[in-house]
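K.L.:
sequence plus the predicted model coming up.
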Amino acid sequence: MPTAFIPPDYFRRYGVAEIFGRGAECEVDLGCGDGGFLMAVAQQHPDRLYLGVERLLGRLRKVCSRADRLGLQNVRGVRAESRYFLEWMLEPASVRRLHYLFPDPWPKEKHHKKRLVQKEIVPVLHRVLTPEGELLFRTDHAGYYEWVCECMEDAGLFERAEWTDLDSYPSSDFQRQWESQGRLIYSARYIRKA
Ligand SMILES: C[S@@+](CC[C@H](N)C(=O)[O-])C[C@H]1O[C@@H](n2cnc3c(N)ncnc32)[C@H](O)[C@@H]1O
């Protein structure tokens with residue numbers, strides 16, 4: 001099966017079995033960039049399925065060729081806008097973990113409406129996750145960290161949880177860049193409520 005998942009129709013939903021040719025649940029990396037995290041986590045857990053969502057074609061192509069070079073059978077990449085893909089193209093209860101790593105923080109107030117996480121997306125995240133599903137969020141931007149935590153907590157659909165295996169969680173490309181500049185990293189884990 002090709003690593004790039006090219007949806008034949010952008011106006012219907014897809015289940016994990018259709019995207020990967022097997023399985024009932026997967027993990028999704030929202031805005032996967034060049035795929036550094038995706039490659040590492042897919043190698044760490046060959047028994048799990050990983051889907052990278054990225055809106056830039058060049059980055060998505062890079063992700064797919066990296067996965068092919070590494071022979072990773074458990075990775076797929078889709079060129080899509082994250083919110084549209086979650087809201088309209090994925091079957092409900094199909095994602096075990098949503099990884100949301102070092103997203104664009106859109107720091108200027110007039111750009112806050114461009115942030116992926118808004119109050120309105122929280123029910124979408126809840127619907128797409130399996131009953132025991134979770135959101136794993138990391139950023140170097142204090143303002144966006146607070147914004148996401150507030151959206152998640154105000155909705156009452158998720159419970160904040162300790163992130164116990166953070167030490168073995170792979171770094172992303174942007175994380176390495178920010179850490180090399182000595183920036184502080186903020187992390188939050190939210191478990192879906194029934
Ligand atoms: C700052 S980079 C972080 C990449 C990666 N997660 C990392 O930590 O290295 C943000 C990535 O998200 C992608 N992106 C931003 N908004 C997106 C959206 N709404 N849907 C899909 N991809 C998006 C960008 O093209 C970019 O590759």
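P.N.:
Cool, the structure landed.
K.L.:
which residues of the chain lie near the ligand?
P.N.:
31-33, 36, 53-56, 59, 81-82, 101-104, 116, 172-175 (CB under 6 Å from any ligand atom). Where C-beta positions appear, they are placed from N, C-alpha and C, glycine not excepted.
K.L.:
buried among those? Make that a ChimeraX selection.
P.N.:
Provided next is the ChimeraX selection string for whichever of those are buried by 16 or more other CB atoms under 10 Å:
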select :31,32,33,36,53,54,59,82,101,102,103,116,172,173,174,175
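K.L.:
restricted to strands, list the residues of the chain next to the ligand.
P.N.:
53-54, 101 (DSSP state E).
K.L.:
going by distance to the ligand, which of these wins?
P.N.:
Distance to the ligand, by CB to the nearest ligand atom, is smallest for Leu101 among these, at 4.0 Å.
K.L.:
what's opposite the closest one in the beta bridge?
P.N.:
For Leu101, the beta-bridge partners are Arg138 (DSSP bridges).
K.L.:
can you pull out the strands in the chain?
P.N.:
Using DSSP E, the strands of the chain run over 26-30, 50-54, 75-79, 95-101, 129-139, 158-161, 186-192.
K.L.:
turn those into JSON lines, including mean pLDDT.
P.N.:
Shown next, in JSON lines, are these (pLDDT from 0 to 100):
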{"stretch": "strand 26-30", "mean pLDDT": "98"}
{"stretch": "strand 50-54", "mean pLDDT": "98"}
{"stretch": "strand 75-79", "mean pLDDT": "98"}
{"stretch": "strand 95-101", "mean pLDDT": "98"}
{"stretch": "strand 129-139", "mean pLDDT": "98"}
{"stretch": "strand 158-161", "mean pLDDT": "98"}
{"stretch": "strand 186-192", "mean pLDDT": "98"}
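K.L.:
perfect, that will be all.
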